[in-house]
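Asker: Starting from these lines, generate the structure:
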Amino acid sequence: MTRDPLIILRSAGLRATQPRVSVAELLFCDGKDRHVTAEWVAERLDAAGKSVVLASVYNTLHAFVEANLLREVRGAERGVIIFDTNTVPHHHFYHEKTRKLTDIPADAVKVLKLPTAPKGAKTVGCEMIIRVR
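Answerer: Prediction:
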């Protein structure tokens with residue numbers, strides 16, 4: 001993947017607004033996968049002199065999810081949405097003391113049987129969060 005935020009945004013079909021460019025630089029330009037909250041992103045942008053209001057950070061992160069640049073991880077911590085730059089199917093360890101996620105490759109977890117989906121629904125994926133202390 002390219003590390004140029006403008007190319008990343010355009011390739012995803014997103015307009016290159018200043019908040020989007022700033023968030024894309026922070027999340028994608030060093031090539032590292034990370035798990036972040038909107039608050040973490042806003043704090044890092046502010047520290048870098050690129051202040052973006054929290055509502056714009058949330059809007060940007062949700063736009064990135066819709067464009068498949070990020071994935072949402074819900075359920076690790078009550079009321080907290082964690083955004084994951086690793087968009088391939090995988091699972092997570094959730095470290096309760098540090099409140100951090102660690103990726104687990106999808107093939108490292110064997111699910112022997114899933115319950116039947118409710119009537120009218122189709123199972124489209126299964127991602128596990130394993131809590132550790």
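Asker: Who's the closest spatial neighbour of residue 128, skipping the chain neighbours?
Answerer: residue 91 (4.3 Å; C-beta to C-beta, 6 or more residues apart in numbering). (Each C-beta comes from the backbone N, C-alpha and C, glycine too.)
Asker: Tell me, how many residues neighbour that neighbour?
Answerer: 19 (other C-beta atoms under 10 Å).
Asker: Enumerate every residue touching the residue of the chain positioned farthest from its centre.
Answerer: Distance from the C-alpha centroid of the chain, by C-alpha atoms, centre = their mean, peaks at residue 119 (29.7 Å). Under the criterion of C-beta atoms under 8 Å, 6 or more residues apart in numbering, residue 119 has no contact partners.
Asker: Can you tell me the SS state at residue 120?
Answerer: Three-state call for residue 120 (DSSP: H, G, I helix; E, B strand; the rest coil): coil.
Asker: For it, give its distance to residue 34.
Answerer: According to C-beta to C-beta, to the nearest Å, residue 120 and residue 34 sit 37 Å apart.
Asker: Now the longest helix seen in the chain: buried residues?
Answerer: For the chain, the longest helix by residue count, based on DSSP state H, is helix 54-66. By 16 or more other C-beta atoms under 10 Å, the buried positions in helix 54-66 come out as 56-61, 63-65.
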